[in-house]
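> When you get a sec, could you give me coordinates for this:
(2 chains)
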Amino acid sequence: GDSVTQMEGPVTLSEEAFLTINCTYTATGYPSLFWYVQYPGEGLQLLLKATKADDKGSNKGFEATYRKETTSFHLEKGSVQVSDSAVYFCALSEYGGATNKLIFGTGTLLAVQP
Amino acid sequence: NAGVTQTPKFRVLKTGQSMTLLCAQDMNHEYMYWYRQDPGMGLRLIHYSVGEGTTAKGEVPDGYNVSRLKKQNFLLGLESAAPSQTSVYFCASRPGLAGDLGQFFGPGTRLTVL
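This is a model prediction of the structure:
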């Protein structure tokens, strides 16, 4: 079945450092790909998405490019801030599926130190 | 708009007790979902609904029941709680299949079963 694998955390960075969180997926169809962020004590918020190959999703300085050839959707940010500390989830939903269920990775905790 | 709300925010149960978690959304969304979040496992789908009056099993449905009597509400029931059901429960909704916008999440309910 479909699955998402993302790098284990925690990832600890200093403020203004470059961030990469790796995400790869396995899917039989043509999934849409998402990054969700969960701040402490809160629910998940959609950070960015891409619905087809070579699409780039971006929001709040974060970017991710849908790479069909490497089945990847890595999350990047050029300069992280303390306020970016959160858990980041990569997820997919299969295009055209009857329910558009989301399949999540296990999450990566990012801790940004001042 | 309040978005997706969940009641209660916290609950402690004894083994064998029952309870119902309420999810409400005011966005007129068709699809609603219940997930549980456990350390190191990401989010796993318990049950979902593709419209008023419909429900279906997700990845981990055992020990839970759901009902969608009104479009805006999705109830998750535990008939006889077990310690293995200690988790954080998230509800989510989405408008439909067209234009994959991802899912909108509630703030979560933290449940402890003693």
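> Could you report the distance from the residue most central in space within chain B to A:Thr5?
Geometric centre of chain B, nearest residue: B:Trp34, 2.8 Å, by Cα atoms, centre = their mean. The gap separating B:Trp34 from A:Thr5 is 24 Å, by Cβ to Cβ, to the nearest Å. Every residue, glycine included, has its C-beta placed from N, CA and C.
> buried ones in stretch A:59-76?
A:62-67, A:72-75 (16 or more other Cβ atoms under 10 Å in any protein chain shown).
> go on, stretch B:71-90?
B:71, B:74-76, B:78, B:81, B:85-90.
> Give the rounded mean pLDDT of that stretch.
Average pLDDT, stretch B:71-90: 96.
> Kindly export that stretch (C-alpha atoms) in PDB.
Once non-C-alpha atoms are left out, stretch B:71-90 reads as follows in PDB (Å, rounded to 0.1, in the frame of the first residue of the first chain):
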ATOM      1  CA  LYS B  71     -23.300  17.100   8.200                       C
ATOM      2  CA  GLN B  72     -21.500  19.400  10.500                       C
ATOM      3  CA  ASN B  73     -20.900  16.800  13.300                       C
ATOM      4  CA  PHE B  74     -18.800  13.600  13.500                       C
ATOM      5  CA  LEU B  75     -18.900  11.700  16.800                       C
ATOM      6  CA  LEU B  76     -16.300   9.200  17.900                       C
ATOM      7  CA  GLY B  77     -17.400   6.700  20.600                       C
ATOM      8  CA  LEU B  78     -15.500   4.400  22.800                       C
ATOM      9  CA  GLU B  79     -17.800   1.800  24.300                       C
ATOM     10  CA  SER B  80     -15.400   0.200  26.700                       C
ATOM     11  CA  ALA B  81     -12.100   2.100  27.000                       C
ATOM     12  CA  ALA B  82      -8.800   0.300  27.200                       C
ATOM     13  CA  PRO B  83      -5.300   1.700  28.100                       C
ATOM     14  CA  SER B  84      -4.300   1.100  24.500                       C
ATOM     15  CA  GLN B  85      -6.700   3.800  23.500                       C
ATOM     16  CA  THR B  86      -4.700   6.400  25.400                       C
ATOM     17  CA  SER B  87      -3.800   8.800  22.700                       C
ATOM     18  CA  VAL B  88      -4.400  12.200  21.200                       C
ATOM     19  CA  TYR B  89      -7.400  12.200  18.900                       C
ATOM     20  CA  PHE B  90      -7.700  14.600  15.900                       C
END
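> Stretch B:106-114 and chain A in contact?
Yes: interface with chain A: stretch B:106-114 contributes B:106-108 (Cβ under 8 Å from any Cβ of the partner chain).
> Let's have those residues in CSV, adding pLDDT and neighbour count.
Below are those laid out as CSV (pLDDT from 0 to 100; neighbours: other Cβ atoms under 10 Å in any protein chain shown):
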residue, pLDDT, neighbour count
B:Gly106, 94, 28
B:Pro107, 92, 16
B:Gly108, 94, 21
